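Chemist: My questions concern the predicted model and sequence given below.
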Amino acid sequence: ADHYDRALAEFAWPEIGETFNWAIEWFDVIAQDNDRPALWIVEQDGTELQVSFAELARRSDQLAGWFSSVGISQGDRVMTMLGNQVELWESVLALMKLGAVLVPSTTALGTRELRDRIERGGIRHVIANTVDADKFDEVQGEYTRISIGARRDGWIDYAASADSDLAAPAAVVHPDDPLLVYFTSGTTSLPKMV
């Protein structure tokens, strides 16, 4: 209760001017020299993985530069079809730094649902685990395919980003620029874009 009361009393929205990039102007600021865990993933078998704020900031900077080099630009819609894994969270921060638009998608989607989301969502790039890459074989379109895991023909290997030393372009993001596009569950009709 003490933490809740303190959080309630001390919470303040960040001051936002004409431009604001949360990943750079908030996350990177608190991440500077901060070795506390920013990400703590506990698997069902009990194994744990922790990544500090500083490491997540550094890695997302590196990844943003690499994403830019493979063609991801400000305003591009990027489907992330990943589970709860480090690559998801470092990609989210990197894409935010670039001013790209995130389109999170569950790994449970099939070819028909992916085709619909790619077409209606104007998806320019997809980031997915290699185990899910087969689902995109029947999904036509001019979109970059980036895979995490074993190398796959026609897909760019995410692991190559670890060797990147490219700087990300400075994205000027306005508070009313889009950041996320979600698709509703679509239980009674086609999913709606939100």
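Modeler: On my side now, so go ahead.
Chemist: just checking, next helix/strand downstream of the longest helix along the chain?
Modeler: In the chain, with assignment by DSSP state H, the single longest helix is helix 53-69. Scanning forward in sequence from helix 53-69 by DSSP states H and E, the next helix or strand is strand 77-81.
Chemist: Tell me if I'm right that residue 78 and residue 72 touch.
Modeler: Yes - the criterion here is C-beta atoms under 8 Å, and residue 78 meets it with residue 72 at 6.3 Å. No exception for glycine: its C-beta is placed from N, CA and C like everyone else's.
Chemist: tell me, what's touching these two both at once?
Modeler: Taking C-beta atoms under 8 Å, 6 or more residues apart in numbering as the contact rule, residue 78 and residue 72 both touch 95, 100, 124, 125.
Chemist: Show me where this protein has its helices.
Modeler: Taking DSSP H, the helices of the chain run over residues 2-10, 22, 28-31, 53-69, 86-98, 111-121.
Chemist: want to throw these into TSV with mean pLDDT?
Modeler: Putting these into TSV (pLDDT from 0 to 100) gives the following:
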stretch	mean pLDDT
helix 2-10	86
helix 22	88
helix 28-31	94
helix 53-69	96
helix 86-98	97
helix 111-121	94
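Chemist: And these: which comes nearest residue 42?
Modeler: helix 86-98 (12.8 Å; C-beta to C-beta).
Chemist: any idea of the angle that closest one forms with strand 77-81?
Modeler: Interaxial angle, helix 86-98 versus strand 77-81 (axes from the mean of the first three to the mean of the last three C-alpha atoms, to 10 degrees): 170 degrees.
Chemist: gap between helix 86-98 and the chain center?
Modeler: The chain centre lies 4 Å from the centre of helix 86-98; the measure is C-alpha atoms, centre = their mean, to the nearest Å.
Chemist: before we move on, back to that, mind listing what's buried in the longest helix of the chain?
Modeler: 53-57, 59-68 (16 or more other C-beta atoms under 10 Å).
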